[in-house]
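Build me a model:
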Amino acid sequence: MIFDLDGVLVNSFAVMNEAFAAAYREVVGAGPAPFEEYRRHQGRYFPDIMRIMGLPLEMEGPFVRESYRLAHRVPVFDGVVELLLTLRARGFGLAVATGKSGERARSLLETLGLLPFFAHVIGSDEVARPKPAPDIVERALTLLGLPAGQAIMVGDAPTDLASAHGAGVASAAALWAVSDDEDALLAGRPSAVLRRPSDLLALCPSVPRG
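Numbering: from 1, shown residues only. Next comes the predicted model:
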C-alpha cells in the first residue's frame, strides 16, 4: 500500500497556505499569495511548482522553514490511524510517496506520530523524476519488494494517479480532502474511489502469512 501524504494522511492545507503566504511575502513582496493556483499543482515537487507558476525558486527556503515551524498544527484525517492499524494487522507493507522532500516528510510523520506505521517514506528529492513520472512509485515497489500488480497507490491529485498508472500500479482516489477538484481527480481514471479512509479496507483483505 503506497500513500501520498498531504490530502490523504494529513490535512496540511491550512498550514501550507500560511507557509506559502509567508514565503511569498518574504521573497516576492506585498500582495495576495496565489495559494489556490499552488494547490492545483499538489503532488508535484515544490521547485517544479514554482517553475510552472513562474515564481522565484528562492521561495522554497522560507516555505520549508515555516512548514517545519508549523508542523505540530497539522491534523491527521479522521479514520487514518485506525486504517493504518488495520492494514498493519492484516499484513500489508506500507509506504509513503510524496511531493515533499523525504526529510521533511519523515519529520512531519514523526511529529504526528505516524512514522512507525511506514516501512519506507520516499520524497520527490530522492528519485530522478518526481510525480507525475512513475519513478517514486517504482521506488516504493522496489523497497517493498512487490510487483506492480500487488500494490495500490492512494492519492488525492491527478499527479498521484498518473504516477501510479505509469508504474502499472492500481490507483485509488482519496476524496476526503478534495473540494472543487473532484472532477479533475476522477478524470485521472482511478481504479477505485474512496470517500473516507475506511473505504480502502474493502480492497485489502488480510495478506496470507507463510
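
rest of the way, CA atoms for contacts and neighbours
Noted.

For stretch 115-129, could you pull out the residues that count as buried?
For stretch 115-129, the neighbour count (16 or more other CA atoms under 10 Å) marks 115, 117, 118, 120, 121, 122, 123, 124, 125, 126, 127 as buried.

So which helix or strand of this structure has the lowest pLDDT on average?
None of the helices or strands of the chain scores lower by mean pLDDT, DSSP states H and E than helix 182-186, at a mean of 88.

now that one, how far from the centre of its chain.
Its chain's average C-alpha position is 16 Å from that of helix 182-186, according to CA atoms, centre = their mean, to the nearest Å.

swap in stretch 12-21?
In terms of CA atoms, centre = their mean, the centre of stretch 12-21 is found 15 Å from the chain centre.

So which bits of that stretch are buried?
Within stretch 12-21, the residues that count as buried by 16+ other CA under 10 Å are 12, 13, 15, 16, 17, 18, 19, 20, 21.

what's the lengthiest helix in the chain packed up against?
Looking across the chain with DSSP state H, the single longest helix is helix 13-27. Secondary-structure packing of helix 13-27 (3 or more CA pairs under 8 Å, 6 or more residues apart in numbering; DSSP states H and E): helix 35-40, helix 60-70.

domains in the protein, as residue ranges please.
What the record gives for the chain is the domain set 2-10+74-203, 13-73, from automatic domain parsing.

Quick one: low-confidence residue ranges for the chain.
Low-confidence segments of the chain (pLDDT under 70): 179-180, 207-210.

which among the buried residues of stretch 115-129 gets closest to residue 109?
Residue 109 lies nearest to residue 115 out of those, by CA to CA, at 4.8 Å.

of the helices and strands packed on helix 13-27, which approaches residue 147 most closely?
Using CA to CA, those put helix 35-40 closest to residue 147, at 30.8 Å.

starting at the chain centroid, how far to that closest one?
Centre-to-centre, helix 35-40 and its host chain are 15 Å apart (CA atoms, centre = their mean).

Okay then, goodbye and thanks.
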